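A.B. asks: Okay, structure incoming, though there's no sequence with it:
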Ligand SMILES: Nc1nc2c(c(=O)[nH]1)N=C([C@H](O)[C@H](O)COP(=O)(O)OP(=O)(O)OP(=O)(O)O)CN2
Ligand SMILES: [Zn+2]
């Protein structure tokens, strides 16, 4: 099996409600996202010799992840405090995006993995860099 990967970048704001340190405060990151997919080579047609056209991979990640998360306040829909911030931003026509878990690098990576799997992408690994020195890898 071949593995191919493409790297993306997006900016977001978040907070970790209940964190015992500085991350309980509203703050932001520029994430680096690496999406790896696995598969065999196409044997005919315009995409012959490719697992998947990198352009097609880019379009799927843009539609399902980047367009929703880039420059958004990404919040935990189970946190009352984070929902209050999101409600205020929504009332000011500012971009928000809810996920049903805490927005840790770990749970964001799993959310991205599951979302891309659900739209049919054969994802084998997600690597999400929250800062230049911290990343989470999720695979299954
Ligand atoms: N296992 C995890 N630990 C922490 C997470 C996380 O998602 N998973 N997140 C945070 C905060 O979001 C915080 O913004 C990042 O913390 P930290 O790495 O301490 O941030 P710095 O800006 O200080 O990073 P440096 O690269 O070390 O300057 C906390 N922990
Ligand atoms: Zn953070």
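C.D. replies: Happy to help now that I have it. Every value quoted in this text rests on a predicted model; they were computed, and no experiment measured them. Residues are numbered from 1 along each chain as shown. Ligands and ions are numbered 1, 2, ... in the order given.
A.B. asks: Give me every residue in this structure lying close to ligand 1.
C.D. replies: 16, 23, 27, 104, 105, 106, 130, 131, 132, 133, 134 (Cβ under 6 Å from any ligand atom). Every residue, glycine included, has its C-beta placed from N, CA and C.
A.B. asks: ok, so of the residues you listed, who is nearest residue 38?
C.D. replies: Nearest to residue 38 among the residues of the chain next to ligand 1 is residue 106, at 21.5 Å by Cβ to Cβ.
A.B. asks: The residue nearest to the closest one when sequence neighbours are not counted sits in which helix or strand?
C.D. replies: Leaving aside its sequence neighbours, residue 106 sits nearest to residue 136 (Cβ to Cβ, 6 or more residues apart in numbering; 4.9 Å). Assigned by DSSP states H and E, residue 136 belongs to strand 134-138.
A.B. asks: buried residues in that strand?
C.D. replies: Neighbour-count burial for strand 134-138, counted by 16 or more other Cβ atoms under 10 Å, picks out 135, 136, 138.
A.B. asks: Looking at those, which is nearest ligand 1?
C.D. replies: Using Cβ to the nearest ligand atom, residue 136 comes nearest to ligand 1 of the buried residues of strand 134-138, at 6.7 Å.
A.B. asks: Work out the gap between stretch 56-76 and the centre of the chain.
C.D. replies: Chain-centre distance of stretch 56-76: 6 Å, with Cα atoms, centre = their mean, to the nearest Å.
A.B. asks: contacts for it?
C.D. replies: The contact list for stretch 56-76 (Cβ atoms under 8 Å, 6 or more residues apart in numbering) reads 4, 6, 8, 10-15, 17, 26, 33, 35, 37, 82-83, 85-86, 89, 94-103, 108, 112, 115-116, 119, 121.
A.B. asks: please redo it, this time with the cut-off set to 6 Å
C.D. replies: Here stretch 56-76 makes contact (Cβ atoms under 6 Å, 6 or more residues apart in numbering) with 6, 8, 10-14, 35, 82, 86, 89, 95-98, 102-103, 112, 115, 119, 121.
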